[in-house]
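# what follows is a predicted protein model with its sequence.
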Amino acid sequence: MRHGLALSILLSAFWLLNSGHYTTLLLFFMVASVVSIVALSHYMDVVDGEGQPLSITFTLPIYLIWLAKEVVLANIAVAKCVWKGKGSISPRTIEVTASQKSDLGKVIYANSITLTPGTVSIDLEDDKILVHALDAESADGLLTGEMDRRVCRVEQ
Amino acid sequence: MMEIILDLVSWIFLLGGSFFCLTGALGLLRFPEFFSRIHAASLTDTLGASMILIGLMFQAGWGLALPKLILILIFSLLAGTTASHAMGKAALKSGMKPLDMQDDGPKDEAEEEQPWKP
C-alpha cells in the first residue's frame, strides 16, 4: 500500500514536470495513466521495497553528496593519466567484498564503483565484486573500504 | 549584471564539460586495451555530461526546462554505469582477459600472426 502510494506520487510528479499543460483533459489523462501503470505493476508483483526503496529516502542524499565529491576527484585523476599517456597507468584486477545485506545495497555499491572513473565493476557474484582498476591509487582507494561502509550506512 | 555572471558560470561549466569529453575521447585512443578504455569512456559519461548539463541548467533558468535537464542527468548517469558494467561483463564472459590475468606465451604469437600490424 505504502509503496503503491509512493509510486503514484512519483509518476504524477514525473508527468506534471514533463508536460507543462495543466488543462482538465490532460490532467484526466495523467490520472488514467498513473492508475493503469500502478495496477499493471501490482499485477507484475513489482510494487515492493526493491522497486520503491522508501527506506533509503533520507540516507541516500547524504551518500550521493559524498559520492559526487569522489567522482569529481577520480575524474581529475584519470584525466591526468590520459594526458600523461600510456606509461602512467598500470591496469589491475582486484576482488572486493560487498558487506551489504540486501541485493539493493550490493547494486548501489557496484554501481558506485563503476560510476567512479578509474574503477569498473565487471562481475558480481554472491558478495564478491570483481573490479578492474586503472592504476594502483584507484585500487588502493577502493580497498580501504570506505565506500563499502558508507553504502552499508545507506541501507540501515 | 546578474545575467553576465550567470552566462559566465554557465560557460565555465560548458567549457569544462567539453574538456572532459575531449579527454575521454583521447583516452579511448591512447589506452592499450579494452578494459582500460572503459575507464576513459567513463570520463565522458560522468563529469563530461554532468558539467555540460549543469551549464545548460544555468542557461535555462527557472522553468520547466530545469527539471527536464535534471532528469536527463539522473538517467544518463544510471544508464552509463549500467552500460559500462554490462560491457565489461560481456567482454569477460566471452573470453577477453584483463592485462594482468593474461598468460604471456600465446599473446606474443597472436601478435606475430597479424602481418598488417605496424
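Structure's in. What do you need?
# got the contact list for residue B:80?
Going by Cβ atoms under 8 Å, 6 or more residues apart in numbering or on different chains, residue B:80 touches A:115, B:42, B:45, B:46, B:49. C-beta here means a position set from N, CA and C on the backbone, and glycine is covered the same way.
# among the residues you listed, which lie within helices?
Judged by DSSP state H, helices contain the following of these: A:115, B:42, B:49.
# using CSV, list the CA coordinates for whichever helix or strand residue B:38 is part of.
According to DSSP states H and E, residue B:38 maps onto helix B:34-43. Provided in CSV are the C-alpha atoms of helix B:34-43 (Å, rounded to 0.1, in the frame of the first residue of the first chain):
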residue,chain,number,x,y,z
PHE,B,34,39.6,-2.8,-23.8
PHE,B,35,39.3,-2.7,-20.1
SER,B,36,41.4,0.5,-19.7
ARG,B,37,39.4,2.1,-22.4
ILE,B,38,36.2,1.7,-20.4
HIS,B,39,37.8,4.0,-17.8
ALA,B,40,38.4,6.7,-20.4
ALA,B,41,34.8,6.4,-21.7
SER,B,42,33.5,6.9,-18.2
LEU,B,43,35.1,10.3,-18.1
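# tell me which residues are up against that helix.
With Cβ under 8 Å, 6+ apart, helix B:34-43 has contacts from A:75, A:78-79, A:82, A:89, A:91, A:114-115, A:117-120, A:122, A:132, A:134, B:20-21, B:23-28, B:30-31, B:80, B:84, B:87-88, B:91, B:96, B:98-99.
# what do you get if the cut-off is 6 Å, keeping everything else the same?
Helix B:34-43 has contacts (Cβ atoms under 6 Å, 6 or more residues apart in numbering or on different chains) with A:75, A:78, A:91, A:117-118, A:120, A:132, A:134, B:20, B:23-24, B:27-28, B:31, B:84, B:88, B:91, B:98.
# mark which of these are part of helices, please.
Reading helices off these with DSSP H, I get A:75, A:78, B:20, B:23, B:24, B:27, B:28, B:84, B:88, B:91.
# reformat those residues as TSV; add pLDDT, distance to residue A:126 and neighbour count.
Listed next are the ones in helices among the contacts of helix B:34-43 as TSV, based on pLDDT from 0 to 100; distance: Cβ to Cβ, whole Å; neighbours: other Cβ atoms under 10 Å in any protein chain shown:
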residue	pLDDT	distance to residue A:126	neighbour count
A:75	90	31	23
A:78	89	29	27
B:20	93	35	25
B:23	92	36	22
B:24	92	33	26
B:27	90	33	26
B:28	89	33	17
B:84	90	22	22
B:88	89	18	23
B:91	90	21	18
